[in-house]
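A.B. asks: 3D, please:
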Amino acid sequence: MAKPIYFYGIHAIDALLKHRPLDGLSLFVQQGRESDSHVQAIMAEAEANGISIQPTRKDKLTQLCGSPQHQGVVLNARPLGFADEGLLDTIIGREQCLLLVLDQITDAHNFGACLRTAVAMGVDAVVCPKHHAASLTPTVAKVSVGAAEMMPIISVTNLARTLSHIKNAGVFVFGTALNADAKPIHAADLTGKTAIIMGSEGEGMRRLTMESCDELVYIPMSGNEHGNLQSLNVSVATGMALYEVNRQRTLAAGQA
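C.D. replies: Numbers count the residues shown, from 1 in each chain. All right, here's what the predicted structure looks like:
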């Protein structure tokens, strides 16, 4: 069994207690914060699930979780695990599935921010390679504001093989890149079964990942009077790409 770790932050702990309460072991609450309504709600959830509650000094909470951004609550709990890869077959069987594929996104803050956006934009699952992705750490949970608990995150051994598999099921795979043969994302048809691949800011997608794409797209940037930028933060770009998927699907649904 995996060793328990310390989760922190109101939204991350609230989501954990709602989605896998049996994994919570001990809740540490900052002394003097017990009257906060958000903290009270977490304490009530913990108490309802038989989780011990311990009043704790603020500096001790920081020491437990390794961050001062705990918002007065730290939960000792079993770590979040990746979803079973077999779940992917169920998801790609849906008529309008939407997958977010994160290739080489190793920074916990970027990974967590992408998960938060994915939940907000209706992504069915996030797929990432086993050896080129951030781990599901408490930092990822905190930055995702609980989103890490709210959707399947599937880790695969061979991403290129997985992409081939979902393509055989009718999923159209779009990779984001600034290549000469890429088209503006708004010019692509994103209304069917869709997978959007985001690569790292520095390296982009790996070669085999790019070769697995059906089409390459980019996010147009107009810049301003002082010039333009070469790239966007990957979590920002993810939000813009997924918003375009939602925009197209909303328009298509209105015309149906």
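A.B. asks: Please enumerate the strands of the protein.
C.D. replies: Assigned by DSSP state E, the chain shows strands spanning 5-8, 24-30, 52-56, 73-77, 98-103, 125-129, 153-156, 172-176, 183-184, 194-199, 215-218.
A.B. asks: Pull out the buried positions in the last one.
C.D. replies: Along strand 215-218, the positions that meet the burial threshold by neighbour count (16 or more other CB atoms under 10 Å) are 216, 217, 218. No exception for glycine: its C-beta is placed from N, CA and C like everyone else's.
A.B. asks: Could you dump those into CSV with pLDDT and distance to residue 7 added?
C.D. replies: Compiled in CSV, the buried residues of strand 215-218 are given as follows (pLDDT from 0 to 100; distance: CB to CB, whole Å):
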residue, pLDDT, distance to residue 7
216, 97, 38
217, 97, 36
218, 93, 36
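A.B. asks: Just send the residues you listed back as a markdown table, with distance to residue 129 too.
C.D. replies: What follows is these, written out as a markdown table (distance: CB to CB, whole Å):
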| residue | distance to residue 129 |
| --- | --- |
| 216 | 19 |
| 217 | 21 |
| 218 | 22 |
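A.B. asks: Residues touching the longest helix seen in the chain, excluding its own?
C.D. replies: Identified as the longest helix of the chain according to DSSP state H is helix 234-255. Identification of contacts with helix 234-255 by CB atoms under 8 Å, 6 or more residues apart in numbering yields 96, 98, 100, 105, 109-110, 113-114, 117-118, 121-123, 176, 185-186, 189-191, 194, 196, 198-201, 217, 219, 231-232.
A.B. asks: Buried ones among those residues?
C.D. replies: 98, 100, 105, 110, 113-114, 117-118, 121, 123, 176, 185, 190, 194, 196, 198-201, 217, 219, 232.
A.B. asks: wait, doesn't residue 178 sit right on residue 219?
C.D. replies: No - using CB atoms under 8 Å, residue 178 is not in contact with residue 219; the gap is 9.3 Å.
A.B. asks: show me what contacts residue 150?
C.D. replies: Counted by CB under 8 Å, 6+ apart, residue 150 has contacts 15, 19, 119.
A.B. asks: What ranges in the stretch 1-150 of the chain fall below the confidence cut-off?
C.D. replies: For the stretch 1-150 of the chain, the stretches flagged by pLDDT under 70 are 1-2.
A.B. asks: can you pull out the helices in it?
C.D. replies: 10-19, 37-48, 58-65, 87-92, 108-120, 138-143 (DSSP state H, counting those that start in this stretch).
A.B. asks: which residues are in contact with the last one?
C.D. replies: So the one you mean is helix 138-143. Contacts for helix 138-143 (CB under 8 Å, 6+ apart): 5-9, 11-12, 15-16, 65, 67, 69, 80, 108-109, 111-113, 115-116, 134, 148-149.
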